[in-house]
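K.L.:
Provide a 3D model corresponding to the input given below.
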Amino acid sequence: MWLKLFFLLLYFLVLFVLARFFEAIVWYETGVFATKLVDPVALSFKKLRTILECRGICYAGLPEKKDVRELVQKSGDLMEGELYSALREEEASESTISTDFSGEMHFYEQVEDTKDGIWLVQVVAKDKDPLLGKEQWHKMVKKVSQFGIRTGAFICSNDPRYCSKRDWLKSTLIMSIPQTNTSKGKVMLKEYSGRRIEVEHIFKWINTHVASRIKTIRSPNQLMEEWNKSDRYLVKMYLFASLDQPPAFYSVLSVKFTGRVEFIFVDVQNWNSDSHMKEIGIDQFPAYIVKTPEGIYKYGNTTGEFISHHAMDVFLRSLQPEVNDLFVLSLVLVNLMAWMDLFITQGATIKRFVVLISTLGTYNSLLIMSWLPIIGFLQLPYLESFYEYSLKFLRYANTTTLASWVRVDWTFYSSHPALFLSTYLGHGLLIDYFEKKRRRNNNDDEVNVNNLEWLSSLWDWYTSYLFHPIASFQHYPHNLDWDEDPNLLLERLAFPDLWLHPLIPTDYIRNLPTWLFKSITGHSEDEVIESWQETESDSENESHEVCNKSGKSANEEASGCLAPAQGKVQANEDLNISEVNSSNVCQSTPKLHRNTNVTEDDETDWSAWPSNMLHCSECVVCLENFRNGCLIMGLPCGHVFHQQCIVVWLAGGRHCCPVCRWASYKKKHCFVR
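P.N.:
Okay, here's the model as predicted:
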């Protein structure tokens, strides 16, 4: 996980450097920066109208260019970046989305139950023509959509009962707007009653109703009283301008940030003295001032702080975020980090996507489970001070120059999603190249595994899980250990077999009593060697078959069981115990089985057996007699088997005796003979 986080931070650094590179290219070709102020005198009449439309200021009845230019100057300073964004939005031919309501419930859920937004709905009465034609309605939708106002159409023929209930007997326009300044307040519906059915007049009607929610100050004394007043709002946004009413983008934002930020409009058209302005630190207007408990901040002086709806929205959301904003941001970051697994994982392509889906599910589940207690803690009263200090830290951080650069990059890449995705893909391919090169240098075989080989290994694991769930869990295809990576345990929790069958460590096998089977026989040493040579080939074939069935992990566990515990009976003097301990089961066991079988004339040396073990001469697992010098192992219940046979049995997940089913890891009282 830390590796993915490192690569994600590295990717953000690449995005930051790439954005500065694009700015350098623009400066080289045009010789201007995005923060450079533009003189409205040098702009054409068409560009001036475009700026006013993006700011939401009505210019109907102003045919002169001079009047339009003064209106632009009164609404705020114009930067090169804002001019470029306004012209780009005008040239964009993207289709706007308008909702078609199916009935009363659909209208209620979308419009009347929306507490922090504005809706403009065209009601088409039954057997009547719409108030706005298709072309005019399209212009209206495009004009209001840039300010976050949602639009829709309600056809009364779909639900005539609701239209008669609302007294919508003729085609009209309905606007929904929050009734109070409190968060999640009631919504009121306003019906357009103007005589002129034109886009500009309808937009002016919308802006007038929305601006009525903003507190307006028209005298210096009222300003000083409001400035020094302390209330529940920690953040206040002031607009000082010589306008009849605030711009539409400013008014619409007051609805979106209801309960978080208070918007105040200060009309300075009839002020004779600016002494009060200088007293609070304002030397010129128009000015957009953000007042916080930490001080005042003048909006529009740093990079990306344009006089537009989108730019100010991003600024205020970073300054006074909502819990939903933080959750969406964490969701984006977590998924970007999870997608890094597609490039970090090496091997087959199918394996990459299987690991990616698993990582996405795990990370998103952990994110949701982490947010639930956080939301609960925020409701506790004694954590209010912690919440306030957190917001204070965010306000300090978001008024820095670095934060302004981050907001600019966020706006730039969100408006160019293709560039963002292509850079992410290029970054991932570089990670894949260097990771593949590193693993090849380490002689990692996973790099050369194809899709069929990996699917075959996955199928082998799945079938092994069906028969031996605990053993297959130890050989999960990811080759991970939950002590090193906790994600493996979280993935395993999806399998109910983990709860039905307890996971038992196999370390107890090392402590099981192990000794050499010894018989008292009259055979000479030459006869023993001759018998060993006759059965050599058969023993080797048998041992190889056992090795292939047991697997790698069983061999490792079995090899650890070869060392006899302290206090057990020692083996024959002619057998080198150190040689047995240093070899694995597949090597040592055939060597021990190369001794002669026990015949009827032979007598077993029971003195070498532990006292709590039952006397027997046959292994019930392989159904073969014990051979002289073979390595045998006993279980707590007293039954004895070939060491190799019982280790393979236990390592396969069957932690019990093959004879009596007594748990192989539980102690039992000594057997009394």
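K.L.:
Pro122 - that's part of a strand, no?
P.N.:
Let me fix one detail, which is that residue 122 is Gln and not Pro. Yes. The assignment for Gln122 (DSSP: H, G, I helix; E, B strand; the rest coil) places it in a strand.
K.L.:
the nearest residue to it once chain neighbours are set aside in helix, strand or coil?
P.N.:
Nearest non-adjacent residue to Gln122, counting by C-beta to C-beta, 6 or more residues apart in numbering: Ala153, 4.9 Å away. No exception for glycine: its C-beta is placed from N, CA and C like everyone else's. Following three-state DSSP, Ala153 is assigned to strand.
K.L.:
Ala153 is in contact with Ser102, isn't it?
P.N.:
No. Between Ala153 and Ser102 there is no contact, the gap being 11.0 Å when judged by C-beta atoms under 8 Å.
K.L.:
hang on, the earlier thing: need the pLDDT of the residue nearest to Gln122.
P.N.:
Per-residue pLDDT puts Ala153 at 91.
K.L.:
same thing with Trp168?
P.N.:
87.
K.L.:
okay, now Asp432: neighbour count?
P.N.:
Other residues within reach of Asp432, judged by other C-beta atoms under 10 Å, total 16.
K.L.:
oh, that last question was meant for Ala24, not what I typed.
P.N.:
For Ala24, using other C-beta under 10 Å, the count is 11.
K.L.:
a helix runs through it, doesn't it?
P.N.:
Yes. Ala24: assigned to a helix according to three-state DSSP.
K.L.:
sorry, back to before: okay, Ala153 and Ser102: which has more neighbours?
P.N.:
Ala153 (16 against 12).
K.L.:
got the contact list for the more buried one?
P.N.:
Going by C-beta atoms under 8 Å, 6 or more residues apart in numbering, Ala153 touches Ser98, Thr99, Asp100, Phe101, Val121, Gln122, Val123, Val124, Pro130, Trp137.
K.L.:
now for the helix or strand harbouring Val290, which elements pack on it?
P.N.:
Assessed by DSSP states H and E, Val290 sits inside strand 287-292. Taking 3 or more C-beta pairs under 8 Å, 6 or more residues apart in numbering; DSSP states H and E as contact, the helices and strands that strand 287-292 lies on are strand 235-241, strand 295-299, helix 309-319.
K.L.:
so what does the last one touch, helix or strand wise?
P.N.:
In this structure, helix 309-319 packs against strand 235-241, helix 248-256, strand 287-292, helix 384-398, helix 401-415, with contacts taken as 3+ C-beta pairs under 8 Å, 6+ apart.
K.L.:
by neighbour count, which of the contacts of Ala153 wins?
P.N.:
So for those (other C-beta under 10 Å), the most neighbours sit at Val123, 25 neighbours.
K.L.:
ok, and what's touching stretch 614-626?
P.N.:
For stretch 614-626, using C-beta under 8 Å, 6+ apart, the contacting residues are 517, 597-598, 604, 606, 609, 632, 638-642, 645-646, 649, 658-659, 671.
K.L.:
sitting in strands, which of those do you find?
P.N.:
Using DSSP state E, Thr604, Ile632, Val640, Phe641, His642 are the members of the contacts of stretch 614-626 that sit in strands.
K.L.:
tell me, what residue is most central in the chain?
P.N.:
Val334 (2.7 Å; C-alpha atoms, centre = their mean).
K.L.:
what residues are up against that one?
P.N.:
Contacts of Val334 (C-beta under 8 Å, 6+ apart): Tyr363, Asn364, Leu367.
K.L.:
before we move on, the earlier item: what's the most buried one of the helices and strands packed on helix 309-319?
P.N.:
Burial of the helices and strands packed on helix 309-319 is given as mean neighbour count (mean count of other C-beta atoms under 10 Å); helix 248-256 ranks first at a mean of 24.
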